[in-house]
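1. Sequence and computational prediction follow.
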Amino acid sequence: MLTILWHLLFLFANPVIDPTYERPAVPVLSLPAGARIVGMGSSSTGDGDDPIAIKLNPGALGFFEDFQLAIMDQGLPPGGGRILEDAWLKSLGKRFYNGTQNLTPEPPWLGLLHDGMRYIYGTGVFPVKNFGIFGINYLYFTTGVTDVIDQYGNYIGSYTSYDYAIGISFGKRFGRMGIGMTGKYIYSLFFPEWIPWIEYGDGYTFAIDMGVQDRFKGLNFGFSLLNFGPGIKYEEESITRLPARLSWGISIEPIVVLDSIFFKGRLCINDINVTDVLNIKYNLDRSYDFDYPDEDIWHGSGWEFKFFHCIAYRFGSFEWMEKSNGIGLNLGIYSIDVTKFFYDFDSYHVQLTINPKLTKYTTDDYTKRRLFTIGSLFIAPGSAQFYKGEGMKGAFFFLPGIILGNYYFYNKDETKRFLSLSGIGVLYLISAIEALRTR
């Protein structure tokens with residue numbers, strides 16, 4: 001427990017670095033994200049099956065063939081999908097985690113340490129035929145609201161410290177190798193300017209990530225350079241370094257490897273591939289600080305057992321985050337993953353992933369297709385477009401809906417809550433009209 005508390009203080013209690021310790025600013029830049037990845041011991045440098053994997057290795061971009069959208073710690077806007085998501089997550093809590101505390105679509109990150117702590121990561125992948133794959137990603141971290149008390153014990157106000165980064169990525173595949181790069185703008189607010197006895201407040205900077213992945217018959221290897229930039233300036237006279245990292249990782253699928261070595265594609269039972277029933281994956285990651293290359297500062301490993309491409313169970317361990325485990329449900333174009341980590345703090349990652357190309361009409365009957373489309377309208381704005389395989393169009397409605405939904409759930413002003421809810425209603429209506437219009 002003392003080790004965990006020390007690392008938490010190391011990461012969050014003093015983001016503006018004391019030169020004596022040379023600790024990096026904006027440490028959330030180097031933290032893993034995503035329920036699936038964290039469930040496997042926060043290891044994904046060599047594994048690119050998840051769109052959020054590009055945070056630790058942009059080289060994974062080279063292997064995406066379809067539009068995909070993934071959001072961590074961000075629930076659906078008010079609607080039918082929100083109700084179903086709540087029910088699914090609460091069911092997971094009762095069955096696997098002995099309760100439902102903090103298990104909501106938007107749980108606090110390390111909620112028992114600070115109720116307002118949140119860590120959000122979202123990414124979209126956009127393949128362009130015969131050119132390459134683009135990605136857009138967004139990171140947001142906050143410790144919540146902090147009260148300011150002067151030396152006499154008087155309350156003088158409150159503020160919210162936060163960090164965010166917006167990145168644009170590009171990747172391309174060359175045979176069995178994927179290469180990618182991310183450029184990102186980073187902003188960090190530690191203290192507001194109106195606190196008179198603190199000299200530093202906020203800063204901004206730029207950084208790049210670069211990565212390579214090599215995949216060969218169930219044996220994958222990845223290498224990446226992360227957060228390479230000039231540092232961030234909180235004060236006029238000093239620059240604090242970013243958490244630059246050198247990472248490598250491997251990902252192994254034992255059944256696929258055995259098949260490729262001994263069976264040459266014949267590992268099947270009654271014409272059903274074994275991997276369609278059960279597939280196993282093992283990931284291992286190592287990461288180093290550029291200023292301290294002799295120290296193995298991040299290391300994690302984990303397993304994933306996937307049944308019928310539908311249900312997955314994962315477990316692993318990641319240095320100071322201790323053990324983690326998680327479960328995932330694949331519903332075709334929608335996947336929901338939940339992972340629990342930091343058991344002493346009852347913390348979770350919740351992730352929604354959308355892949356419109358996985359949609360499959362079960363019938364050619366026009367009436368039944370219409371019913372499926374109408375049913376999907378109530379999940380979220382743009383969900384009918386996702387169901388029809390129109391990913392870009394669906395994102396046009398879905399992303400504003402997520403933003404307005406978040407604003408609705410976390411804003412206490414009733415007028416603003418009403419306006420955000422009205423905006424969600426308009427998005428539902430417009431997306432429904434567009435989805436049902438006759439061509």
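-> Yep, that arrived.
2. Give me the buried positions along stretch 386-393.
-> Neighbour-count burial for stretch 386-393 flags 386-391, 393 (criterion: 16 or more other C-beta atoms under 10 Å). Where C-beta positions appear, they are placed from N, C-alpha and C, glycine not excepted.
3. what pLDDT, on average, does stretch 234-243 get?
-> Stretch 234-243 shows a mean pLDDT of 78.
4. Sorry, slip of the keys, the one I care about is stretch 409-421.
-> Mean pLDDT, stretch 409-421: 85.
5. what does stretch 73-88 give?
-> Stretch 73-88 comes out at a mean pLDDT of 81.
6. cool, stretch 331-339 as well?
-> 85.
7. Mind listing what's buried along that stretch?
-> Neighbour-count burial for stretch 331-339 flags 333-339 (criterion: 16+ other C-beta under 10 Å).
8. and the two most separated of those residues?
-> Spatial extent of those (C-beta to C-beta) is set by the pair I333 and T339 at 21.3 Å.
9. Using CSV, write out every CA atom in the helix or strand hosting A207.
-> For A207, the host element (DSSP states H and E) is strand 202-216. Taking C-alpha atoms only, strand 202-216 is exported to CSV below (Å, rounded to 0.1, in the frame of the first residue of the first chain):
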residue,chain,number,x,y,z
ASP,A,202,-0.5,26.7,-17.0
GLY,A,203,1.5,25.8,-20.0
TYR,A,204,1.3,24.3,-23.4
THR,A,205,3.6,22.4,-25.8
PHE,A,206,3.8,20.0,-28.7
ALA,A,207,5.1,16.4,-28.9
ILE,A,208,5.2,13.5,-31.3
ASP,A,209,4.9,9.7,-31.0
MET,A,210,6.4,7.2,-33.4
GLY,A,211,6.0,3.5,-33.6
VAL,A,212,6.5,0.3,-35.6
GLN,A,213,4.7,-3.1,-35.4
ASP,A,214,5.7,-6.3,-37.1
ARG,A,215,3.1,-9.2,-37.3
PHE,A,216,3.8,-12.7,-38.5
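10. Remind me what that strand packs against, helices and strands.
-> strand 177-189, strand 219-228, strand 232-235 (3 or more C-beta pairs under 8 Å, 6 or more residues apart in numbering; DSSP states H and E).
11. So for Y282, which of these sits nearest?
-> strand 219-228 (10.6 Å).
12. circling back to that earlier point, switch the helices and strands packed on strand 202-216 over to TSV; also include distance to Y292 and mean neighbour count.
-> Output for these, formatted as TSV (distance: least, C-beta to C-beta, whole Å; neighbours: other C-beta atoms under 10 Å):
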stretch	distance to Y292	mean neighbour count
strand 177-189	21	20
strand 219-228	15	21
strand 232-235	19	18
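13. Look up the residues forming beta bridges with the nearest residue to I166 once chain neighbours are set aside.
-> Using C-beta to C-beta, 6 or more residues apart in numbering and skipping residues adjacent in sequence, the residue nearest I166 is Y185, 5.2 Å away. Counting by DSSP bridges, Y185 is bridged to I166, F206.
14. how far away is G171 from K184?
-> To K184, G171 is 15 Å away according to C-beta to C-beta, to the nearest Å.
15. Kindly report the same for A165.
-> In this view, A165 and K184 are 5 Å apart by C-beta to C-beta.
16. ok so, going back, got the helices and strands packed on strand 202-216 as JSON lines, with distance to D291 columns?
-> Putting the helices and strands packed on strand 202-216 into JSON lines (distance: least, C-beta to C-beta, whole Å) gives the following:
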{"stretch": "strand 177-189", "distance to D291": "18"}
{"stretch": "strand 219-228", "distance to D291": "12"}
{"stretch": "strand 232-235", "distance to D291": "15"}
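17. could you pull out the helices for this structure?
-> 2-8, 35-39, 80-96, 254-258, 274-277, 366-376, 383-387, 391-410, 414-436 (DSSP state H).
18. Indicate which one of the ones you listed is closest to W298.
-> Nearest of the helices of the chain (C-beta to C-beta): helix 2-8, 11.1 Å.
19. excluding its backbone neighbours, what's nearest G231?
-> Closest residue in space to G231, ignoring its immediate chain neighbours: I239 at 4.2 Å, by C-beta to C-beta, 6+ apart.
20. Quick check: that neighbour touching G229?
-> No - I239 is beyond contact range of G229, at 10.6 Å (criterion: C-beta atoms under 8 Å).
21. Can you list the low-confidence ranges for the stretch 51-200 of the chain?
-> For the stretch 51-200 of the chain, applying pLDDT under 70 flags the ranges 74, 95-108, 111-113, 197-200.
22. Report the contact partners of I252.
-> 218-220, 281-283 (C-beta atoms under 8 Å, 6 or more residues apart in numbering).
23. can you do 7 Å?
-> 218-219, 282 (C-beta atoms under 7 Å, 6 or more residues apart in numbering).
24. Just the closest of these to A25, please.
-> Y282 (33.8 Å).
25. The residue nearest to K172 when sequence neighbours are not counted: neighbouring residues, count only.
-> Distance criterion C-beta to C-beta, 6+ apart; nearest residue to K172, sequence neighbours excluded, is G132 at 4.2 Å. Residues contacting G132 under the criterion other C-beta atoms under 10 Å number 16.
26. I figured G132 was touching F170, is that so?
-> Yes - the criterion here is C-beta atoms under 7 Å, and G132 meets it with F170 at 5.8 Å.
27. of all the helices and strands packed on strand 202-216, which lies closest to V277?
-> strand 219-228 (21.5 Å).
28. now that closest one against strand 177-189, angle please.
-> Using axes from the mean of the first three to the mean of the last three C-alpha atoms, to 10 degrees, one finds that strand 219-228 and strand 177-189 are set 30 degrees apart in direction.
29. Point out the other helices and strands that strand 219-228 packs with.
-> Contacts defined by 3 or more C-beta pairs under 7 Å, 6 or more residues apart in numbering; DSSP states H and E place strand 219-228 against strand 202-216, strand 245-252.
30. buried set for the shortest one?
-> Same thing as strand 245-252. 245, 247-252.
31. and the gap between the residue nearest to F67 when sequence neighbours are not counted and A70?
-> Nearest-residue entry for F67: G391, 3.4 Å, with adjacent residues in sequence omitted and distances by C-beta to C-beta, 6+ apart. G391 sits 12 Å away from A70, going by C-beta to C-beta.
32. Next, count neighbours for H114.
-> Counted by other C-beta under 10 Å, the residues lying close to H114 total 18.
33. quick one, what contacts it?
-> By C-beta under 7 Å, 6+ apart, H114 lies in contact with 143-144.
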